[in-house]
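Engineer: This is a predicted model, with the sequence first.
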Amino acid sequence: MSGLTGREKMAPKTESRKHQRQRTEQEMQQLKDKIKASAPEVLDVFNQMDKAGNGVVTRHEFRVALNDLDIKMSKKEKDNLLSMIETHGDDVLHADELDQFLNGA
């Protein structure tokens, strides 16, 4: 028996989750800053991402845009990020969703 209580056994995991959450928040802010720096207006950023010019950014276009910004993330991380930003439920990014992500508008 280790002599640790249940709470003491959980402490390292809790601390690890807290650290992970802080790291994720920092990474998200860096990502936002990098995207904003790529163009002065959200619509300009969106239009750069929308390679097909059809008014939506597909998963592929989103991944390519992040690569173009030299954002180092795995394909899965990029897909997860798009899923977090995309709120319409149609699996593509719209300009208003990008604006909400970048500006909280």
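Structural biologist: Structure's in. What do you need?
Engineer: State whether residue 40 is indeed within a helix.
Structural biologist: No: Residue 40 sits outside any helix when classified using DSSP: H, G, I helix; E, B strand; the rest coil, being coil.
Engineer: Pull the number of nearby residues for it.
Structural biologist: A count of nearby residues for residue 40, using other Cβ atoms under 10 Å, gives 9. Quick note: C-beta positions are derived from backbone N, CA and C, even for glycine.
Engineer: tell me the SS of the nearest residue to residue 100 once chain neighbours are set aside?
Structural biologist: Here the nearest residue to residue 100 in space, its sequence neighbours aside, is residue 87; by Cβ to Cβ, 6 or more residues apart in numbering that works out to 7.0 Å. Under the three-state scheme (three-state DSSP), the conformation of residue 87 reads as coil.
Engineer: could you measure residue 87 against residue 50, distance?
Structural biologist: As for residue 87, its distance to residue 50 is 17 Å (criterion: Cβ to Cβ, to the nearest Å).
Engineer: more crowded one of the two?
Structural biologist: Taking residue 87 and residue 50 together and counting by other Cβ under 10 Å, residue 50 has the greater number of neighbours (21 against 13).
Engineer: who's in contact with that one?
Structural biologist: For residue 50, the contact set (Cβ atoms under 8 Å, 6 or more residues apart in numbering) comprises 56, 57, 61.
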